[in-house]
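Asks: sequence and predicted structure, then a few things I'm wondering about:
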Amino acid sequence: MKEADKHIEAKKEAPEHKPEVVIHAKGIKKSFGKKKVLKNITFDLKKGENIVVLGKSGQGKSVTIQCVVGMLQPDGGKLEVFGEDITTMNDEELKQLRMKIGFLFQGGALYDSMTVRDNLEFPLTRVLKLKDQKEINKKVEGVLDAVGLLDAIDKMPSDLSGGMRKRVGLARTLIVNPEIMLYDEPTTGLDPITSREISELINRLQRKYEISSVIITHDMECARITADRILVMDEGEYIAEGSYKELEKSDNEMVRSFFNEPA
Ligand SMILES: Nc1ncnc2c1ncn2[C@@H]1O[C@H](COP(=O)(O)OP(=O)(O)OP(=O)(O)O)[C@@H](O)[C@H]1O
């Protein structure tokens, strides 16, 4: 780590979380044909907590979060979100549940032909069916302010940098007030400084809205800044769990390999 970067310390300890568990996964299994992708996934996400999932490519990190939002059905195990078993939910129940979960995809795609304002209005008018323009404007401006991009409200996505587009994507996810955020590689493709801004933004949003997050990343700086707890995934299960500082000292070679990689 560079000397100048040291002021952004790894989280030392989890903030005082309420013990409420928002995601409870126990023994989740998922195969595609003969390929066993998830063998035994067990974790709890507590309210207001950031957990980071580390793992080599193709280990099933994305499959896990797709199970959490009901896009994929696990083959076995228990999966409760906000205390409800999601494996037995019907389409309407899943739709209601997904409104409480923000999912920032790797691409975080915006509609290129729409301004930032229109991109943000879209979920309000189409998903929440809001009609009151004053209320819509207030929400759009509020969420852009939260991600520090109020100035960009009338710009087109093509006029924004990669980091700004990522923040607008995040704003569009946040605008429907999710209680859980699922981030799939939030800093991929961004330079180190912009990546750090996104990581710090994830923390600010966690504090401001008391959002609970699962953050999938290969970016160890992002893990260091955002993680209250890290889970390391290997061959369909979690092989280690702990804070950044704890895992940094792990004896396990696979765990150590993440910390030893050059940034
Ligand atoms: N809908 C699907 N149908 C068939 N196979 C799938 C499907 N979704 C994922 N897989 C397979 O499951 C495995 C795990 O994929 P996943 O995307 O979860 O990996 P990952 O750990 O998120 O990897 P990365 O870090 O590269 O994003 C891969 O081999 C992938 O090909």
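Replies: Looks like it came in fine.

Asks: state the pLDDT value of Val176.
Replies: In this model, Val176 is scored at 86, pLDDT.

Asks: quick one: name whatever helix or strand follows the host helix or strand of Glu246.
Replies: Assigned by DSSP states H and E, Glu246 belongs to helix 244-248. Next in sequence after helix 244-248, counting helices and strands by DSSP H and E, comes helix 253-260.

Asks: helices or strands up against that next one?
Replies: Applying 3 or more CB pairs under 8 Å, 6 or more residues apart in numbering; DSSP states H and E, one finds that helix 253-260 contacts helix 220-226, strand 229-234, strand 237-242, helix 244-248. C-betas here are computed from N, CA, C, even on glycine.

Asks: among these, which is nearest Leu72?
Replies: Checking the helices and strands packed on helix 253-260 against Leu72 by CB to CB gives strand 229-234 as the closest, at 16.0 Å.

Asks: which outside residues touch the closest one?
Replies: Contacts to strand 229-234, defined as CB atoms under 8 Å, 6 or more residues apart in numbering, come from residues 14, 43, 49-56, 59-61, 64, 223, 238-244, 247, 252, 254-255, 258.

Asks: what subset of those residues is buried?
Replies: 43, 49-55, 59-61, 64, 223, 238, 240, 242-244, 247, 254-255, 258 (16 or more other CB atoms under 10 Å).

Asks: so which of these reach the ligand?
Replies: Gly55, Gln59, Gly60, Lys61 (CB under 6 Å from any ligand atom).

Asks: ok, the last one touching His218?
Replies: Right, the one you point to is Lys61. No: contact criterion CB atoms under 8 Å: Lys61 and His218 do not qualify, at 9.7 Å.

Asks: let me see the contact set for the residue nearest in space to the middle of the chain.
Replies: Using CA atoms, centre = their mean, the residue of the chain that lies closest to the mean C-alpha position is Tyr183, 2.2 Å off. Applying CB under 8 Å, 6+ apart to Tyr183 gives the contacts Leu104, Ile202, Ser213, Val214, Ile215, Ile216, Thr217.
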